[in-house]
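J.: sequence and predicted model, in that order:
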Number of protein chains: 2
Amino acid sequence: MSENVEPKRGREQRVTKQRLAVDAAMGRLDDFVSAQELHRLLQDNGEKVSLATVYRILQSMTEDGLLDVVRSGDGEAAYRSCEAEVHHHHLVCRSCGKGVEVLAPAVETWAARVAAENGFTESSHTVEIYGYCPDCTRLRAAGGQETA
Amino acid sequence: MSENVEPKRGREQRVTKQRLAVDAAMGRLDDFVSAQELHRLLQDNGEKVSLATVYRILQSMTEDGLLDVVRSGDGEAAYRSCEAEVHHHHLVCRSCGKGVEVLAPAVETWAARVAAENGFTESSHTVEIYGYCPDCTRLRAAGGQETA
DNA sequence: TTCACTGCAAATGCTTTGCAGCGCC
DNA sequence: GGCGCTGCAAAGCATTTGCAGTGAA
């Protein structure tokens, strides 16, 4: 029959400890991480994997459809294991950086539907909400950092 | 870090020909363009604006809410003039970069509610949906396995 | 005149790649 | 034993920034 889209391009993939380490780390994480962050995590974990290799493995896994990629606002690529169970978003404080995880099944559905309605396939999405957390809101109201 | 990230509205902005050129060009375009592309367009148009200045103006206009920004799959930032009064989001093709504007009052409300429920104030949010547009989906399904 | 803006080029930060040696199959 | 994989470091890209001259107000 015709070729499937899933098999790799005839390139065999050897099982090295670096690949295993990256694979394990990604499986353990349920959030997006940049290559740099992952590299730091691995080093922190005692694994010896070079940054270049992390990039190569991440790229390879992505080509094989094992990972999802998204670009964070700063041009860094963020990867996440595809089998992620629960997709969640974040509510982040503009002032102190504190973050709250947000689950929103409705938004997931909405995003998927919008993509489908426009004929887009293999959709994914990112949602981020910013604001001032209760503490910072209070501080701002009291202290009045306004200069203008 | 406790510093305020708020843009200085008090800062005056001089009307230079470079800014006018960028402004005019963006107003003429109705598609997303990267800073590099815009710079090339300007040069092609006889305008003398350096790349660095294009970046600076684009950044400045974005801060003032005059432009929309999205990240194409390759890490390049793409800008487009944002004349819409209402807050909208984008559905972007991962492959060809084509973008579709999406209005979603429900999501706006949801984001505001989530922020409020967590005691966050002055909330704002970003939502981006990625996928393969109809054309690219077709190409991928048709033959697009082996392509150099 | 004043000072924000501009151009140039060097600097940054993320990502890729060439090369030589190593380890999986 | 072959050949893909890894590490190191330099290369490559898009974007940012320091500095001094220029032009808008």
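T.: The structure has been received and is ready for your questions.
J.: how about stretch A:28-43: buried residues?
T.: A:29, A:32-35, A:37-39, A:41-42 (16 or more other Cβ atoms under 10 Å in any protein chain shown). Any C-beta I mention is one placed from the backbone N, CA and C, and that applies to glycine too.
J.: check these one by one and keep those near DNA strand C.
T.: Applying Cβ under 7 Å from any atom of the strand to these, one finds that A:34-35 fall near DNA strand C.
J.: switch the buried residues of stretch A:28-43 over to JSON lines; also include pLDDT and distance to A:Ala21.
T.: As requested, the buried residues of stretch A:28-43 are exported to JSON lines (pLDDT from 0 to 100; distance: Cβ to Cβ, whole Å):
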{"residue": "A:Leu29", "pLDDT": "84", "distance to A:Ala21": "13"}
{"residue": "A:Phe32", "pLDDT": "80", "distance to A:Ala21": "19"}
{"residue": "A:Val33", "pLDDT": "89", "distance to A:Ala21": "14"}
{"residue": "A:Ser34", "pLDDT": "91", "distance to A:Ala21": "17"}
{"residue": "A:Ala35", "pLDDT": "94", "distance to A:Ala21": "14"}
{"residue": "A:Glu37", "pLDDT": "93", "distance to A:Ala21": "14"}
{"residue": "A:Leu38", "pLDDT": "95", "distance to A:Ala21": "10"}
{"residue": "A:His39", "pLDDT": "95", "distance to A:Ala21": "11"}
{"residue": "A:Leu41", "pLDDT": "93", "distance to A:Ala21": "10"}
{"residue": "A:Leu42", "pLDDT": "94", "distance to A:Ala21": "6"}
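J.: identify the residue spatially nearest to the most centrally placed residue in chain A, adjacent ones excluded.
T.: Geometric centre of chain A, nearest residue: A:Phe32, 1.9 Å, by Cα atoms, centre = their mean. Nearest residue to A:Phe32 in three dimensions, chain neighbours excluded: A:Ala78, at 3.6 Å (Cβ to Cβ, 6 or more residues apart in numbering or on different chains).
J.: which residues touch that neighbour?
T.: Taking Cβ atoms under 8 Å, 6 or more residues apart in numbering or on different chains, we find A:Ala78 in contact with A:32-34, A:69-72.
J.: helix or strand for it, which one?
T.: Assessed by DSSP states H and E, A:Ala78 sits inside strand A:77-81.
J.: touching DNA strand C at all, that strand?
T.: Yes. Looking at strand A:77-81 against DNA strand C by Cβ under 7 Å from any atom of the strand, the contacts come from A:Ala77.
J.: and that strand, what's buried?
T.: Buried-residue list, strand A:77-81, by 16+ other Cβ under 10 Å: A:77-81.
J.: can you redo these as JSON lines with pLDDT and distance to A:Ala24?
T.: As requested, the buried residues of strand A:77-81 are arranged in JSON lines below (pLDDT from 0 to 100; distance: Cβ to Cβ, whole Å):
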{"residue": "A:Ala77", "pLDDT": "89", "distance to A:Ala24": "20"}
{"residue": "A:Ala78", "pLDDT": "86", "distance to A:Ala24": "18"}
{"residue": "A:Tyr79", "pLDDT": "89", "distance to A:Ala24": "14"}
{"residue": "A:Arg80", "pLDDT": "83", "distance to A:Ala24": "15"}
{"residue": "A:Ser81", "pLDDT": "84", "distance to A:Ala24": "10"}
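J.: in CSV, list the residues you listed along with distance to DNA strand D.
T.: Shown next, in CSV, are the buried residues of strand A:77-81 (distance: Cβ to the nearest atom of the strand, whole Å):
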residue, distance to DNA strand D
A:Ala77, 12
A:Ala78, 16
A:Tyr79, 16
A:Arg80, 20
A:Ser81, 17
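J.: from those residues, which single one is nearest chain B?
T.: Closest approach between those and chain B, by Cβ to the nearest Cβ: A:Ala77, at 7.0 Å.
J.: surely the closest one touches A:Glu37?
T.: No. The pair A:Ala77 / A:Glu37 is not scored as a contact, 10.8 Å apart, by Cβ atoms under 8 Å.
J.: could you tell me which strand of chain A is the longest one?
T.: Identified as the longest strand of chain A according to DSSP state E is strand A:121-132.
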